[in-house]
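Participant: Sequence and predicted structure below; questions after.
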Amino acid sequence: MKRRHMIVGTVIGAFGVVLAVSVTAQQSPGRWDTEKYAKLPQPAEEYTPVQVNDKLYLIGGNAAVLMPGARATHPARVMVYDLANNTWTAKKNTPFFADHMSAATANGKIYVFGGSGAMTQEAPSATLDTAWEYDPAADSWKALAKLNSKRTAGAATEFGGKIYFIGGSADVAGADGRTQNGGLVVGTNEVYDPAANRWESKKPMPTPRNHPAIGVVNGRIYLIGGRITANNIGGYTAANVDVVEEYNPATDSWRAMNRMPSARSGEGWTTYQNKIYVAGGEQHDYHIEGVLRDVEVFDPAANDWYRLPALPTGRHGVNVAAFNGKLFVIGGHTVFAGGGGHALDSPLNEVFEFAGAGRTN
């Protein structure tokens, strides 16, 4: 049964949009299965996930590995989960070492932008301006035109054959003149054209933030939640937000939508049957620090939110995919901000099976 609590009245948004304010509490029928689905063979924090049809690709990660004769650095893994057949496969390593990249798919290819890598004497900034294309059919990588500026922990999605890369963090000069990597949140909105291999700047996101969720529904792009002020949630500079903003690519314009029920960052997300699912994440303030179990669902057509039953295991940095009436929540880290080290990176593959769902992708 759907239960609604309505706050009477309207809100005039910052963009002159009149929004009804409502919160919907709904337990969608279905159940979580924690045992039946194949666990992640190589757990790592901060894989960059991207779904291509019935395959979920996990790229990179930040579990430090020691390279022969070198300092510890990021893994260069590409793990593929077959959502239909419940199997994992390793693919060719990435030609870069990074985490917090942003990825999207277009025309069967995967595009990976920005992120954070290891600092070297030649590259004193860990924030990256690189762009890559991965061809799953050929299992091959190639470099693309670089970003207009270095960015990490943004969000990317495809629309109309082009890829929108929005938000994240950029470098900023500290008081001592040294670079603070990812020290400034940005609302940068750039679109990549794979056919022309070039970037074009668009109107910035009104609320600059990193670690947002992103989704496309009915020709609009939605940026959900995330983190303001700083890239790292571990101190008391950064804060989570519950802001939801809609971008219209046709008019290059933004508007505010109803906020999500709980502010979060470090969440996983996916779009399925015209709704955007946001799972897990982390919370930090002067009262509490921890990982979240909440699974919240945004319905852009209704401009409303509801909840699924909570994750069996709270995690942040999770990888989420939806396929054939199932919501997969894979990997992540089981305590706040990487506490406990990589021993607490999770192999879990917890799957919500929608009751009576139509078996369509």
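Facilitator: Noted; the coordinates are in hand. Numbers count the residues shown, from 1 in each chain.
Participant: Just give me the residue closest to the centre of this protein.
Facilitator: What sits nearest the mean C-alpha location of the chain, by CA atoms, centre = their mean, is residue 213, with 4.8 Å.
Participant: residues touching that residue, list them.
Facilitator: 155, 223-226, 267-269, 276, 278 (CB atoms under 8 Å, 6 or more residues apart in numbering). Any C-beta I mention is one placed from the backbone N, CA and C, and that applies to glycine too.
Participant: Recalculate using a threshold of 6 Å.
Facilitator: By CB atoms under 6 Å, 6 or more residues apart in numbering, the contact list for residue 213 reads 224-225, 267, 269, 278.
Participant: Repeat that for residue 242.
Facilitator: 259-260, 263.
Participant: ok, it to residue 217 distance?
Facilitator: From residue 242 across to residue 217, the span is 19 Å (CB to CB, to the nearest Å).
Participant: ok, now residue 211?
Facilitator: Separation of residue 211 from residue 217 (CB to CB) stands at 20 Å.
Participant: So these two - more neighbours on which side?
Facilitator: When residue 211 and residue 217 are compared on other CB atoms under 10 Å, the one with more neighbours turns out to be residue 211, at 30 against 17.
Participant: Looking at strand pairing, list the partners for the residue nearest to the more buried one when sequence neighbours are not counted.
Facilitator: Nearest non-adjacent residue to residue 211, counting by CB to CB, 6 or more residues apart in numbering: residue 265, 4.1 Å away. Counting by DSSP bridges, residue 265 is bridged to residue 282.
Participant: Counting neighbours, what do you get for residue 265?
Facilitator: Neighbours of residue 265 under the rule other CB under 10 Å: 25.
Participant: shift numbering so it begins at 544
Facilitator: New numbering, starting at 544: the last item is residue 808.
Participant: any idea how far the closest residue to residue 858 other than its chain neighbours lies from residue 817?
Facilitator: Spatially, and ignoring its direct neighbours in sequence, residue 858 is nearest to residue 875 (3.3 Å; CB to CB, 6+ apart). Computed with CB to CB, the distance linking residue 875 and residue 817 is 26 Å.
Participant: These two - which one has more neighbours?
Facilitator: For residue 875 versus residue 817, neighbours defined as other CB under 10 Å are more numerous around residue 875 (34 against 12).
Participant: How confident is the prediction for residue 568, by pLDDT?
Facilitator: On pLDDT, residue 568 comes in at 49.
Participant: just residue 776 next, same as before
Facilitator: The model's pLDDT for residue 776 equals 87.
Participant: was I right about it contacting residue 827?
Facilitator: Yes - counting by CB atoms under 6 Å, residue 827 is a contact partner of residue 776 at 5.1 Å.
Participant: Comparing the two, which shows the higher neighbour count?
Facilitator: Taking neighbours as other CB under 10 Å, residue 776 and residue 827 compare with residue 776 leading, 24 against 21.
Participant: which element is that one on?
Facilitator: Using DSSP states H and E, residue 776 falls within no helix or strand.
Participant: which ones are touching it?
Facilitator: residue 827 are the contacts of residue 776 under CB under 6 Å, 6+ apart.
Participant: State the distance from residue 685 to residue 638.
Facilitator: The gap separating residue 685 from residue 638 is 9 Å, by CB to CB.
Participant: Any stretches of the stretch 644-793 of the chain with poor pLDDT?
Facilitator: Scanning the stretch 644-793 of the chain for pLDDT under 70 picks out 661-668.
Participant: starting at the chain centroid, how far to stretch 587-594?
Facilitator: 9 Å (CA atoms, centre = their mean, to the nearest Å).
Participant: for stretch 832-840, same thing?
Facilitator: Here stretch 832-840 is found 14 Å from its chain centre; the criterion is CA atoms, centre = their mean.
Participant: tell me how far the ends of it are from each other?
Facilitator: For stretch 832-840, the first-to-last residue distance is 23 Å (CA to CA, to the nearest Å).
Participant: Identify all contacting residues around it.
Facilitator: So stretch 832-840 is contacted by 803-805, 807, 818, 820-826, 848-851, 853-854, 857-859, 879 (CB under 6 Å, 6+ apart).
Participant: and if you look at stretch 578-598?
Facilitator: For stretch 578-598, contacts defined as CB under 6 Å, 6+ apart pick out 600-606, 623, 626-627, 629, 631, 642-644, 646, 648, 653, 860, 862, 864, 866, 873-874, 876, 888-890, 892, 894.
Participant: Please check the residues you listed and keep the buried ones.
Facilitator: Buried residues within these, counting neighbours by 16 or more other CB atoms under 10 Å: 600-606, 623, 626, 631, 642-644, 646, 648, 653, 860, 862, 864, 866, 873-874, 876, 888-889, 892, 894.
Participant: Wait, residue 573 touches residue 897, no?
Facilitator: Yes - look at residue 573 against residue 897 with CB under 6 Å: they come within range, at 4.4 Å.
Participant: Now do residue 869, the pLDDT please.
Facilitator: Residue 869 is given a pLDDT of 98.
Participant: so what's it up against?
Facilitator: 894, 896.
Participant: what are the bridge partners for the nearest residue to residue 590 once chain neighbours are set aside, then?
Facilitator: Once flanking residues are discounted, residue 590 sits nearest to residue 601: 3.9 Å by CB to CB, 6+ apart. Note on residue 601: beta-bridge partners residue 592, residue 622, judged by DSSP bridges.
Participant: and if you look at residue 683?
Facilitator: With DSSP bridges as the rule, residue 683 is bridged to residue 678.
Participant: ok, residue 874 touching residue 860?
Facilitator: No - here residue 874 lies out of contact with residue 860, judged by CB under 6 Å, at a distance of 7.3 Å.
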